[in-house]
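Sharing a model that was predicted from the sequence below.
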Amino acid sequence: MSTASVPLPNWITYGLIPLLNLALAFLISGLVVWSIGENPFEALRLLVDGALGRGDAIGFTLFYTTSFIFTGLSVAVAFHAGLFNIGAEGQAYLGGLGAALVALALDHYVPWYVTMPFAIIGAALFGAAWAFIPAWLQASRGSHVVITTIMFNFIGAALMVYLLVNVLIVPGNMAPETRTFLEGGQLPKLDWLMALFGLKLGPAPFNVSFLIALVMAFLVWVLIWRTKLGYEMRTLGISPTAAVYAGIPYSRTVIIAMLISGGLAGMMALNPVMGSSARLQVEFVGGAGFVGIAVSLMGRSHPVGIVIAALLFGILYQGGADLSFEMPNITREMIVVIQGLVILFAGALEYMFRPAIVHLYLRLKRA
Amino acid sequence: MSPHPAIELVGIDKSFGAVHANKNINLKVEKGTIHGIIGENGAGKSTLMSIIYGFYQADRGEIRVDGKPLTIKDSQAAIAAGIGMVHQHFMLVENFTVLENVMLGAEGGQLLAKGVTGARKELKRLETDYGLDVDPDAVIEDLPVGKQQRVEILKALYRSADILILDEPTGVLTPAEADHLFKVLRVLRDQGKTVILITHKLREIMAITDEVSVMRRGEMVATRKTAETTVEELAELMVGRRVLLRVEKGEANPGKVLLSVKNLTVKDSRGVTMVDNVSFDVREGEIVGIAGVAGNGQSELLEAIAGIRKPVSGEILLDGQPIAGADPARLRALGLAHIPEDRHHMGLVLKFEEYENAVLGYHRDARYGTGPFLDLKAIQADAVEKIEKYDIRPPNPRLKTANFSGGNQQKIVVAREIERDPKALIIGQPTRGVDIGAIEFIHRRIVEMRDAGKAILLVSVELDEIRSLSDRILVMFAGKVVGEKTADAGEQTLGLMMAGIAA
């Protein structure tokens, strides 16, 4: 029997099914942990404790979460317009350049809250600019953004290494990085927010960009569901032929969607560059752009879902790092395996349980 | 003759989730007869046939073939039981030859050579026995639709089908091709085969069947000997109430020319000329119908006028203003509304909620929100108004559009385009896949628009629809307008023109 057309209540679609998928991912991860001779329950306890056990652990978890919210939103905005932006990684990398240039230019003269809006604009502009060429190629030449954005990740990485090694490096320094920003170029930590809950942030780099991320999540929701542009993007994303019929300009909509997507990816750089290391470093993005794809997939391209999924991946990142420290048998690579399982079950196999749940639901409803 | 019916259904029941598609269906089809199954879209005809052919399993009930109860778990089992199916959309490999298509899935071994000789001989025999002549070495895509359908029938016969199910077989045929099909079906019947014909066209039922069963809302409501029933009775059984089969309309009162097409040439995406130097005018207060077999350029003509496809050359004037090549958004602003042929891919975004579709194409309008924002309250209020006026069911603007029936989906499109009070309206297949009740309603609205002084261009492959709605009829064949007739032109005259035989 075909079950795809049977509607389910929202709490099942958005609550129960993702939870079941997650439970299965953890179950299989547990088997993997067990198979290498470690106690899976102990591993789970260490993971959760490492991510949420102390104030600084939570701080690190939310620091990662912040990055993933930005990249998740970036992927989601493009996805609503039917575009698969694989280039958040490169756009975030270039966004770092934008943020760093602003910080380097202003940190001598103004306090952080004056630098911040310019840094946001700088990061977004550079990220958007890096998305523009793939967007334009897609819109006018039909070159697929999946291919071009992947290529632009590599070009971006090479460009940034060149700039850091040859241009931005502090003369006489060995490390390919800019000078450290002064306080006027740094985003302050959110220790007051943690203090509200009676927690100590400690050394964790949880900073103001988290709040920027939440604001962006709200603005993305407004964009997608409350504006004419969002309506046009969704129409194009679901039915390109209906978009033509409705007179929605393809090229313009594609380019704008990609610019917004690139801008959001670029803003991710605020978090590590200005909120944590206070300088621009090589490879600071560290895969957050790719995690954004999983976050967006798991969050069903909805800002609320993305924030929740980003939190989950934040927990996996931080808790995983702690776990591999406590249980040397469980390497960083093992953590990647667990993350991969979560993506597999929560993202790619999202509908695996649906037919069974539909049957159960219909039977319960009849009874 | 054996005493058992060719096929017998006893208490067949089938649900899809909450939808009860077939309710306790009983049906007897006698051997050597043509048995029609008629019903509106969504009445459960296709589900029933899919159960016979093994695509679905019935929840309850029994299928008996030649008196023997049978479980048909897939189409292989159906074929083994001597049941063949000709689908509405042909299941042919376009760049294979007729012979290759007929053999496909019944090659008879790993090496082809032996099968080919056997199949060639068998095809020859079928051809002489049933008058189904097709060149076995012709490539499918070079064949006209009528012949492609013959290949489908040959496929079934090659697999020694005794019971042949045809699902809406005449939808894509010219009247002449349909007549030929009927001739073939009669030969098949006289040779002892059993034919089940699924259709929603009453005329065909009357013309060819021996018996007819009527389905309505998942139930088999009646079976009649065709000779003992009338079109009116069948229509009433289908819909469950009395239906007007003719469109009531007064004399047209045409005014000035509003939409004018001059020497228009349009190519499709492969560069083939689909509309070839076409010229015509549509005046205020008249309905101009374009008749033609599907694929003769009508779709491309509509798309060119609607701004979806750029014409290669020629002019289109709306109220004197040149609009060729203008984009659909501008055309809407100028007062040209378009009810597209394909509501699933063009007219609607099926994943959207109803109210979102109620403004598709007009979403930039100031009344639906100021600046960059959408005013959801205004849009929903507007949608509710249209739902009431057009009796769209269920009356819920927040329901996903895919969950409306075909007729109600079409009403969403019709309401959106008509309620904007356009100057000119171009309409493609206004009632394709729409049930009789909604057809009546949509036809009435179109005539009202005409009487309100709008210029209306109507394209339909349903000749009956063209004849009953249009004030003037243009016939398109191979991209050209081959003639113009008045509304009272005979079906035969039009049919010949549609086949490119007479002008």
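Yes, it's here.

going forward, measure contacts between C-alpha atoms and count neighbours the same way
Fine.

now chain A, which segments are flagged as low pLDDT?
For chain A, residues meeting the criterion pLDDT under 70 lie at A:1-7.

run the last query once more with 80
A:1-8, A:10, A:13-14, A:343, A:346-351, A:362, A:365-367 (pLDDT under 80).

Up against chain B, what does it have?
A:1-3, A:6, A:226-229, A:235, A:238-239, A:241-248, A:362 (CA under 8 Å from any CA of the partner chain).

Buried ones only from those residues, please, as a ChimeraX command.
Entered in ChimeraX, the line below selects the buried ones among these, by 16 or more other CA atoms under 10 Å in any protein chain shown:
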select /A:6,226,227,228,229,235,238,239,241,242,243,244,245,246,247,248
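
Which strand or helix spans the residue nearest to the spatial centre of chain A?
With distances taken as CA atoms, centre = their mean, A:F68 lies nearest the centre of chain A, 2.5 Å away. Using DSSP states H and E, A:F68 falls within helix A:55-80.

which strands and helices sit next to that helix?
helix A:40-52, helix A:88-106, helix A:209-226, helix A:228-238, helix A:250-267, helix A:288-298, helix A:303-326 (3 or more CA pairs under 8 Å, 6 or more residues apart in numbering or on different chains; DSSP states H and E).

quick check: angle from that helix to helix A:288-298?
Helix A:55-80 and helix A:288-298 are oriented at 70 degrees to each other (axes from the mean of the first three to the mean of the last three CA atoms, to 10 degrees).

So what's the gap between helix A:55-80 and the chain middle?
Relative to the mean C-alpha coordinate of its chain, helix A:55-80 is positioned 4 Å out (CA atoms, centre = their mean, to the nearest Å).

Kindly report the same for stretch A:247-263.
Counting by CA atoms, centre = their mean, stretch A:247-263 comes out at 20 Å from the chain centroid.

For it, list every residue counted as buried.
A:247-248, A:250-251, A:253-263.

Mind picking the two most distant members of the residues you listed?
A:G247 and A:G263 (26.2 Å; CA to CA).

how about the residues of chain B near chain A?
So chain B meets chain A at B:16-18, B:56, B:308, B:327-330, B:345-349, B:351, B:360-364, B:372-376 (CA under 8 Å from any CA).

So which of these are in strands?
B:F16 (DSSP state E).

Leaving out the residues flanking it, which one is nearest to the residue of the stretch 51-200 of chain B found nearest chain A?
Closest residue of the stretch 51-200 of chain B to chain A, CA to the nearest CA: B:Y56 (7.7 Å). Nearest non-adjacent residue to B:Y56, counting by CA to CA, 6 or more residues apart in numbering or on different chains: B:S50, 5.8 Å away.

helices or strands up against the helix or strand that contains the one you found?
Secondary structure from DSSP H and E places B:S50 in helix B:45-52. Judged by 3+ CA pairs under 8 Å, 6+ apart, helix B:45-52 is in contact with strand B:19-29, strand B:34-39.

In CSV, please show the C-alpha coordinates belonging to the helix or strand just after that helix.
Next helix or strand after helix B:45-52 toward the C-terminus (DSSP H and E): strand B:60-65. C-alpha atoms of strand B:60-65 as CSV (Å, rounded to 0.1, in the frame of the first residue of the first chain):
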residue,chain,number,x,y,z
ARG,B,60,-10.8,-8.2,0.2
GLY,B,61,-12.6,-10.1,-2.5
GLU,B,62,-11.9,-12.5,-5.2
ILE,B,63,-11.0,-12.4,-8.9
ARG,B,64,-12.2,-15.4,-11.0
VAL,B,65,-10.9,-15.9,-14.5
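
what's the offset of the next helix-or-strand element following strand B:60-65 from the middle of its chain?
On the C-terminal side of strand B:60-65, the closest following helix or strand by DSSP H and E is strand B:68-70. The chain centroid and the centroid of strand B:68-70 are separated by 34 Å, computed with CA atoms, centre = their mean.

Show me what counts as buried in the first helix or strand past strand B:68-70 going along the chain.
Sequence-wise, the next helix or strand downstream of strand B:68-70 (DSSP H and E) is helix B:75-80. Neighbour-count burial for helix B:75-80, counted by 16+ other CA under 10 Å, picks out B:75, B:77-79.

okay, these in TSV with pLDDT next?
Shown next, in TSV, are these (pLDDT from 0 to 100):
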residue	pLDDT
B:S75	85
B:A77	89
B:A78	90
B:I79	90
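
pretty sure B:I34 contacts B:V187?
No: counting by CA atoms under 8 Å, B:I34 stays clear of B:V187, with 10.7 Å between them.

and the residue nearest to B:Y56, how many neighbours does it have?
17 (other CA atoms under 10 Å in any protein chain shown).

which phi and psi does B:V139 have?
Backbone torsions of B:V139, given as degrees, to the nearest 10, read phi -80, psi 140.

So A:L104 sits against A:F181, correct?
Yes: proximity of A:L104 to A:F181 meets the contact threshold set by CA under 8 Å, at 6.4 Å.

Quick check: mean pLDDT of the helix holding B:S50?
The average pLDDT for helix B:45-52 rounds to 88.

nearest residue to A:W34 other than its sequence neighbours?
Counting by CA to CA, 6+ apart, the residue nearest A:W34 is A:P40, at 5.6 Å.

and the one you found, how many residues sit next to it?
Counted with other CA under 10 Å, A:P40 comes out at 19.

swap in B:L111?
B:L111 has 9 nearby residues by other CA under 10 Å.

and what of the one 3 residues further on?
Residues within reach of B:K114, counting by other CA under 10 Å, total 12.

Regarding it, which helix or strand does it belong to?
helix B:112-130.

chain center to that helix, what's the gap?
Offset of helix B:112-130 from its chain centre (CA atoms, centre = their mean): 33 Å.

hmm, back to that, can you tell me which of the residues of chain B next to chain A are buried?
B:17, B:56, B:308, B:327-329, B:345-349, B:351, B:360-364, B:373-376.

Break chain B into its domains for me.
B:7-239, B:249-329+B:455-503 (automatic domain parsing).

Let me see the contact set for residue 298.
Just going to use chain A. A:305-306, A:309, A:343, A:346-347 (CA atoms under 8 Å, 6 or more residues apart in numbering or on different chains).

oops, chain B please
Each residue near B:Q298 by CA under 8 Å, 6+ apart is listed here: B:275, B:290, B:292, B:459, B:476, B:479.

so which strand or helix has residue 181?
Since you didn't name a chain, this refers to chain A. Applying DSSP H and E, one finds A:F181 in no helix or strand.

please go with chain B instead
Using DSSP H and E, the element containing B:L181 is helix B:175-190.

Likewise for B:H443?
Here B:H443 is assigned to helix B:436-451, by DSSP H and E.

now the angle between strand B:34-39 and that helix, please.
70 degrees.

Next, find the distance separating the closest residue to A:S143 other than its chain neighbours from A:S239.
Distances taken as CA to CA, 6+ apart put A:L137 closest to A:S143, at 5.5 Å, once the chain neighbours are dropped. Counting by CA to CA, to the nearest Å, the gap from A:L137 to A:S239 is 21 Å.

Cheers, nothing more for now.
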